[in-house]
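S.K.: please work out how this folds:
(2 chains)
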Amino acid sequence: MPVLFESQPPSGKKTPIPKKIPVRYNSTPLTAFVIHPKDIRFETQGLDEEVILFLRQHVIVLLPKLAIGIFFFIAPLIVFPFVLQFLSTPIEIPPGYVIVGTMFWYIALFGFVFTQFLQWYFNIFIVTNWRIIDIDFLYLLYKKFGEAKLTRVQDISYRSSGIMATMFNYGDVLIQTAAEVPNLIFESVPRPNEVVDVISDLTKMKGRRGGREY
Amino acid sequence: MSTDVINSAVAVLVKLLVLLGIGIYIVYAAVIVRQEQLMTKTVKAASYKLLRIFALLHLAAALLIFVLAIILL
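M.R.: The predicted model follows:
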């Protein structure tokens, strides 16, 4: 009998990962976009709740703050001697004050840069299989936690404007909900089109399954 | 009142003001540490230890500068 079909030997290529088992990724301190993060958990996370998308603002938004930091770093070395030369004040500053003043300047500068970084680092957007969470850390003493169930999402869109946003592919994702928080805005997040796609898919999936409330 | 007495009184006043300023900064550094702890509790990522180290180092540096100011000024 002629051979109609013969199975091919394995070609050595990796078996593609089935779509149902998501690839999990580690985050770094500068991670701004990660799908299925491996190492991120949040306070109110349920036992069967899974983080699907973890977002921060694009790293590029830190650039102006970094530039201010660099300016203030070099100011005592270049700008201050230049200014003092022009002022030519008769008062002589004791060396103790110069040492303490310089050290304090750099510690305060570190404090400023670190606080700016913390504000960026803890300004977080999370999409889970049940809800969308927006955690804002606007000032040092101001924290805001907003959430909306995926079943309550009514409309989702994004906007990206400006040279920087176009070059680095970031923008604002706007989510209209029927929840207590009427609008959630993910500001300056990377790849806003992909964010919209992920949330839309999840919302549709929830809609098809009847979407149990969490 | 002699000029020396006025000068030394001004020097003490300036030193006290500098110490007060650094003292306020220590409170600010302590708030950063506490806030970092609270925020890490809200969202726990793998890199939180690094942030805690930086926050504690910042507080330690602020305390060190306070001690240094007492000694040097």
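S.K.: just give me the neighbour total for the closest residue to A:Pro182 other than its chain neighbours.
M.R.: Using CB to CB, 6 or more residues apart in numbering or on different chains and skipping the chain neighbours, the partner closest in space to A:Pro182 is A:Gln176 (6.9 Å). Heads up, the C-betas are built off the backbone N, CA and C, glycines and all. A total of 15 residues lie near A:Gln176 under the criterion other CB atoms under 10 Å in any protein chain shown.
S.K.: backbone torsions only: list them for A:Gln176.
M.R.: With angles defined as degrees, to the nearest 10, A:Gln176 sits at phi -100, psi 130.
S.K.: report the contact partners of it.
M.R.: Shown in contact with A:Gln176 (CB atoms under 8 Å, 6 or more residues apart in numbering or on different chains): A:Val153, A:Gln154, A:Asp155, A:Ile156, A:Pro182, A:Asn183.
S.K.: likewise A:Ile52?
M.R.: A:Pro22, A:Ile35, A:His36, A:Val127, A:Thr128, A:Asn129, A:Val198, A:Leu202.
S.K.: just the buried residues out of the contacts of A:Gln176, in ChimeraX syntax.
M.R.: To isolate the buried members of the contacts of A:Gln176 in ChimeraX, using 16 or more other CB atoms under 10 Å in any protein chain shown:
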select /A:153,156
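S.K.: now distance to A:Ser27, pLDDT and secondary structure too, for the contacts of A:Gln176, in CSV please.
M.R.: Formatted as CSV, the contacts of A:Gln176 follow (distance: CB to CB, whole Å; pLDDT from 0 to 100; DSSP: H, G, I helix; E, B strand; the rest coil):
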residue, distance to A:Ser27, pLDDT, secondary structure
A:Val153, 25, 87, strand
A:Gln154, 30, 87, strand
A:Asp155, 29, 88, strand
A:Ile156, 24, 90, strand
A:Pro182, 30, 73, coil
A:Asn183, 27, 83, strand
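S.K.: now do the strands in the chain.
M.R.: Using chain A here. Along chain A, counting by DSSP state E, strands occupy A:33-35, A:41-42, A:51-56, A:124-128, A:131-139, A:142-149, A:153-159, A:170-177, A:183-190.
S.K.: think we crossed wires, I meant chain B
M.R.: Going by DSSP E, chain B shows strands at B:43-44.
S.K.: just the helices in it please.
M.R.: In chain B, the helices defined using DSSP state H lie at B:3-42, B:48-72.
S.K.: pick the most deeply packed of the ones you listed.
M.R.: Highest mean neighbour count among the helices of chain B (mean count of other CB atoms under 10 Å in any protein chain shown): helix B:48-72, with a mean of 16.
S.K.: got the strands of chain A as JSON lines, with distance to B:Leu19 columns?
M.R.: Output for the strands of chain A, formatted as JSON lines (distance: least, CB to CB, whole Å):
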{"stretch": "strand A:33-35", "distance to B:Leu19": "46"}
{"stretch": "strand A:41-42", "distance to B:Leu19": "41"}
{"stretch": "strand A:51-56", "distance to B:Leu19": "38"}
{"stretch": "strand A:124-128", "distance to B:Leu19": "38"}
{"stretch": "strand A:131-139", "distance to B:Leu19": "26"}
{"stretch": "strand A:142-149", "distance to B:Leu19": "29"}
{"stretch": "strand A:153-159", "distance to B:Leu19": "50"}
{"stretch": "strand A:170-177", "distance to B:Leu19": "45"}
{"stretch": "strand A:183-190", "distance to B:Leu19": "41"}
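S.K.: out of those strands, which is closest to A:Pro76?
M.R.: For A:Pro76, the closest of these is strand A:131-139, at 27.0 Å, according to CB to CB.
S.K.: now the closest one: buried residues?
M.R.: Result for strand A:131-139 [16+ other CB under 10 Å]: buried residues A:Arg131, A:Ile132, A:Ile133, A:Asp134, A:Ile135, A:Asp136, A:Phe137.
S.K.: mind listing the strands it pairs with, and their directions?
M.R.: Strand A:131-139 sits in its sheet next to strand A:124-128 (antiparallel), strand A:142-149 (antiparallel), going by DSSP bridges.
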